[in-house]
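Novice: test case, fold it:
(2 chains)
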Amino acid sequence: MTTTDTTTKTAPVGETVLDARGVTMRFGGLTAVNDVNLTVSRGEIVGLIGPNGAGKTTFFNCLTGLYIPTEGEVRFKDKVLPPQSFKVTAAGIARTFQNIRLFANMTVLENVLVGRHTRTKEGFWSAILRGPGFHKAEAASRERAMELLEFVGLAKKADHLARNLPYGEQRKLEIARALASEPDLLLLDEPTAGMNPQETRVTEELVFAIRDQGIAILVIEHDMRFIFNLCDRVAVLVQGEKLLEGDSATVQGDERVIAAYLGEPFEGAPGAEEVAEVEAAETQAETTTDAAPGKENDR
Amino acid sequence: MTTQTTAPGIPGTPASKTATGLIGIPPHLGRALATGGGALTVVSAFLAWTWTSAFPGDLTVYGYPGGLQVLALIGGALTTLLGLSSYGVKGLRWLTPAGADGAIKFAALATFATVWYTVLAITADLGGVVNLEPGGFIAAIASLAALLGALALPFERPEPEPYDPDDTGWELFRHRLRAGRDITKATFAGGTARPVGTLPSYAEILIIVAVLGLGLTVFTYGIGTEYDELFIGFLITAGFGFAALNKSGLISQASQITARHQNITICGAFVAAAMFPFTQTDDQYATVGVYILIFGTVALGLNIVVGLAGLLDLGYVAFLGVGAYAAAMVSGSPNSPFDVQFPFWAAALVGAGASLVFGVLIGAPTLRLRGDYLAIVTLGFGEIFRITANNLDGTSGPDITNGSNGISSIPNLNILGFDFGTEHAIAGFTIGRFANYFFLMLLITAVVVLIFRRSGDSRIGRAWVAIREDETAALAMGINGFRVKLIAFALGASLAGLAGTVQAHVTYTVTPEQYLFAGPIPPNSAFLLAAVVLGGMGTISGPLIGAALLFLIPNKLQFLGDYQLLAFGLALILLMRFRPEGLIPNRRRQLEFHEDAEAPTVLPKAGA
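Specialist: Numbers count the residues shown, from 1 in each chain, chains lettered A, B, ... in the order given. This next block holds a predicted model:
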């Protein structure tokens, strides 16, 4: 379906797949996401950053049908997104989760096969009667799943239980499972959380490879180096509102972004008091740690 | 010999290299003692153990073991064989692919427990030790010697946990208790079985046949035990004997072979089950057989709902009741409000269909919710069904179910001129009424097994497991959670209804009191769930074995009387504490253990 697209290195930006217009999400009195506009196009990697609690994941959930936006609408390939998450997946949006949500007691291969669910049709009677169509579809699914495992480098572990994979491979498996539904848009929720720099680089390569297949990618991440290496565009979300959108250089250089992450320099007494407090705490911490011998090298 | 890590609580602690026995007898002496003790027990089984035949089983005859002596003989023989195998006797090495020591300990324990149980039972029943003949004393001493010898066999002691010198008395006591437990565990630990080499397939099939034959023999013996003492002795011997075979690695090797020929194993198991009525001389035990099959089949249906899709259904027996009532109403019974007599295939469809309708009615509003709501609603449904059936008697409501008297005098089935109510002679064997139904029920069981296997290993089955594992993630994978859950729920319901149609004919009468939430007689919802959990969730053989045990034990141990449910509860707690995955662990669980054993070969790859 999607693999028919050009697989050039440059991956020209194609038509817009995702178009979120004025998305607002309120929980009671709390506005978690306020009037956010965002577009993602085929063959493009868009980053979504913001401090904790900025509403990134809420926005993600609006895109995947877990939440229905209070106001505004999300259009996917020129159609308004259906309100249930399984229909969203069928429409062509796949996602991974911030805290890995694999099917822990299924094998690696079975996890990917579950991802194929929307692209296969065999129902209950077909499974019971086992006609030739069933075997054909099952074989095709397995083949495609193995291809995907090959793609993320887990083919050799196809028969292992998902729970027994090391952390980095679980992340990869989640991506493979998401790809199995043949999406046009892949949403990655902190794909490198908890990874070491080496693993992060491998993930980076993987994301590029997925982009080159013509799949649009929207990624939430806290690792700034990862985001700025990867993304064609970056949107910054602060307190539920989109502060800024632009290429890496623009976002990196913007003072407001830095302020959002580190806080604005205050004027007046409270700041000075706090600094004094912190200093006092630090000196105290030093005296206690110095008492423990052999710890100097650790710092 | 590799020894499994015995204390998983302290990873990375290497087992200490000092290998000594639990008892301070030199190991070589212990081994000889165990083997010799086993052999002597075998001999003693041919002696008289008591002077009077007042004790059931007639243990007074020289030269011919009777009743409990046979069990002692089996235990002793097993101990001896395992002992000889541990000496490396040619031709017996195959017995202990995972090392003999752990197996010998369990075999000796089996012998000791059986013999001493018998001896104590004789003493208690007949009033005093004087009632024992020399043979009884010899058996007792021989089996004790075997056990002591076995306990002297060396094992790798676990590294003792370092204890905190500041511990108070209570903590110290707990620490000692923990250490004691670790040592006991290590004493009985077995190794990992070496994998079976590829045998020619005819040999593997022969092995499967032998295993199934053994299973049938053990099962038939268990059903045929005529008095309480023998059944308890059977449970002791079978339980510890199974543990011994498990530790010796034979079980794991057998399961490797059966896994290679799954279809043959399943067909063979059905053939073996079909042989069961032929091993019985009267219809008494075929009754037990058919009730076990009904119970097991319904448990297997529940396993789709609970084991695969993870939906806790506490009122499952109601679907069996719906099917049974539906079949009873169209059976031509005089108590039925409908004056019709459907052929069996139509009645089966009506029964399954009625359950299906109720399954959808119950499932549709509740399956949209997550978590425990379903459990509460199904629990309620189970009770509503029973009370409604009680009230539809013409006075409290319309006369449909004939109230608490139920629908009685359900005529026997007659399929293609084969009358299920009369005896038939097949190949020289007399097949009675219950045996006829046994064959019919076996067919239904086969259908349920087929549906379970095929649906479990398909797109829909994977969706069920995915929903069970993580519903949010499953929805995000495009699975229509509600639809898929409803299919599982309705399927489970209609399979129970199908079993109910046969049950109605087997029991002659359907009454509301057959379909309780919990009661002393299976099947009821609590026992069904227990059979699934105890046998092993998500497996085929698990619920069947669980159902067999749960039916046989209360059925055989009548003397427990009012304490049956208490004993059942205790047994369940103990089992869940020591074997939470159930008697037959799921393939996924097995894989987990499998990978534990292979961990070293997997880890380096992961690092790269």
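Novice: strands of the chain, residue ranges please.
Specialist: I'll assume chain A. A:16-27, A:30-41, A:45-49, A:71-76, A:79-80, A:93-95, A:185-189, A:216-220, A:233-238, A:241-246 (DSSP state E).
Novice: meant chain B actually
Specialist: Counting by DSSP E, the strands of chain B are B:19-20, B:155-156, B:414-415, B:418-419, B:424-426, B:429-431.
Novice: for chain B, find the nearest of the strands of chain A.
Specialist: Closest approach to chain B among the strands of chain A (C-beta to the nearest C-beta): strand A:93-95, 5.7 Å. Every C-beta, even on glycine, is put in place using the N, C-alpha and C of the backbone.
Novice: now that closest one: average pLDDT?
Specialist: The average of the pLDDT scores along strand A:93-95 is 91.
Novice: list the neighbouring strands of that strand plus their orientation.
Specialist: strand A:185-189 (parallel) (DSSP bridges).
Novice: what's next to the partner strand, contact-wise?
Specialist: Here strand A:185-189 makes contact (C-beta atoms under 8 Å, 6 or more residues apart in numbering or on different chains) with A:17-18, A:40, A:57, A:60, A:63-64, A:76, A:92-98, A:175, A:178-179, A:207, A:210, A:215-221.
Novice: one more: stretch B:467-484?
Specialist: Contacts of stretch B:467-484 (C-beta under 8 Å, 6+ apart): A:64, A:66, A:84-86, A:89-90, A:94-95, A:97, A:101-106, A:114-115, A:117-118, A:177, A:181, B:308-310, B:367-368, B:370, B:460, B:463-464, B:466, B:485.
Novice: just the buried members of those residues?
Specialist: Among the contacts of stretch B:467-484, those classed as buried by 16 or more other C-beta atoms under 10 Å in any protein chain shown are A:64, A:66, A:84-86, A:89-90, A:94-95, A:97, A:101-106, A:114-115, A:117-118, A:177, A:181, B:308-310, B:367, B:460, B:463-464, B:466, B:485.
Novice: for B:Gly66, give me its contacts.
Specialist: B:Gly66 neighbours (C-beta under 8 Å, 6+ apart): B:Gly57, B:Asp58, B:Leu59.
Novice: swap in B:Asp164?
Specialist: B:Glu171.
Novice: do that again at 10 Å, thanks
Specialist: B:Asp164 makes contact with B:Glu171, B:Leu172, B:His175 under the criterion C-beta atoms under 10 Å, 6 or more residues apart in numbering or on different chains.
Novice: which pLDDT value goes with the closest residue to the first one other than its chain neighbours?
Specialist: Nearest-residue entry for B:Glu171: B:Asp164, 7.5 Å, with adjacent residues in sequence omitted and distances by C-beta to C-beta, 6 or more residues apart in numbering or on different chains. Reading off the confidence values, B:Asp164 has pLDDT 72.
Novice: same question for A:Ala180.
Specialist: 93.
Novice: need the contact list for it.
Specialist: Per C-beta under 10 Å, 6+ apart, neighbours of A:Ala180: A:94, A:111-119, A:141, A:144-145, A:147-149, B:477-478.
Novice: which stretches of the chain have low pLDDT?
Specialist: You didn't pick a chain, so chain A it is. For chain A, the stretches with pLDDT under 70 are A:1-13, A:264-279, A:282-299.
Novice: chain B is the one I meant
Specialist: Scanning chain B for pLDDT under 70 picks out B:1-19, B:371, B:586-608.
Novice: please pick out the residue of it most distant from its centre.
Specialist: Here chain B reaches farthest from its C-alpha mean at B:Asp166, the gap being 46.3 Å by C-alpha atoms, centre = their mean.
Novice: and the contacts of stretch B:467-484, which of them are in helices?
Specialist: A:Ser85, A:Phe86, A:Thr89, A:Ala90, A:Val114, A:Gly115, A:Arg177, B:Ile460, B:Ala463, B:Trp464, B:Ala466, B:Lys485 (DSSP state H).
Novice: show me what contacts the first one?
Specialist: Looking back up the chat, that one is A:Ser85. A:61, A:64-67, A:93, A:95, B:472, B:474-481.
Novice: what about the nearest residue to B:Trp116 once chain neighbours are set aside, how many residues close to it?
Specialist: Spatially, and ignoring its direct neighbours in sequence, B:Trp116 is nearest to B:Ala140 (6.3 Å; C-beta to C-beta, 6+ apart). For B:Ala140, the tally of surrounding residues (other C-beta atoms under 10 Å in any protein chain shown) stands at 20.
Novice: is it true that B:Ala140 touches B:Ala113?
Specialist: No - in this structure, B:Ala140 is not within contact of B:Ala113 by C-beta atoms under 10 Å, at 11.7 Å.
Novice: run a quick neighbour tally on the closest residue to A:Ser248 other than its chain neighbours.
Specialist: Nearest non-adjacent residue to A:Ser248, counting by C-beta to C-beta, 6+ apart: A:Phe228, 4.1 Å away. For A:Phe228, the neighbour count with other C-beta under 10 Å is 17.
Novice: ok, A:Phe228 touching A:Val234?
Specialist: Yes - contact between A:Phe228 and A:Val234 holds when scored by C-beta under 10 Å: they sit 7.3 Å apart.
Novice: pull up the overlap in contacts between the two.
Specialist: A:Gly47, A:Ile49, A:Glu221, A:Asp247, A:Ser248, A:Ala249, A:Val251, A:Gln252.
Novice: how far away is the nearest residue to the last one once chain neighbours are set aside from B:Thr198?
Specialist: This points to A:Gln252. Counting by C-beta to C-beta, 6+ apart, A:Phe228 is the residue found nearest to A:Gln252 once chain neighbours are left out, at 6.3 Å. Distance of A:Phe228 to B:Thr198, computed by C-beta to C-beta, to the nearest Å: 56 Å.
Novice: all helices for the stretch 301-450 of chain B, in order.
Specialist: Using DSSP state H, counting those that start in this stretch, the helices found in the stretch 301-450 of chain B span residues B:317-329, B:344-366, B:373-391, B:433-456.
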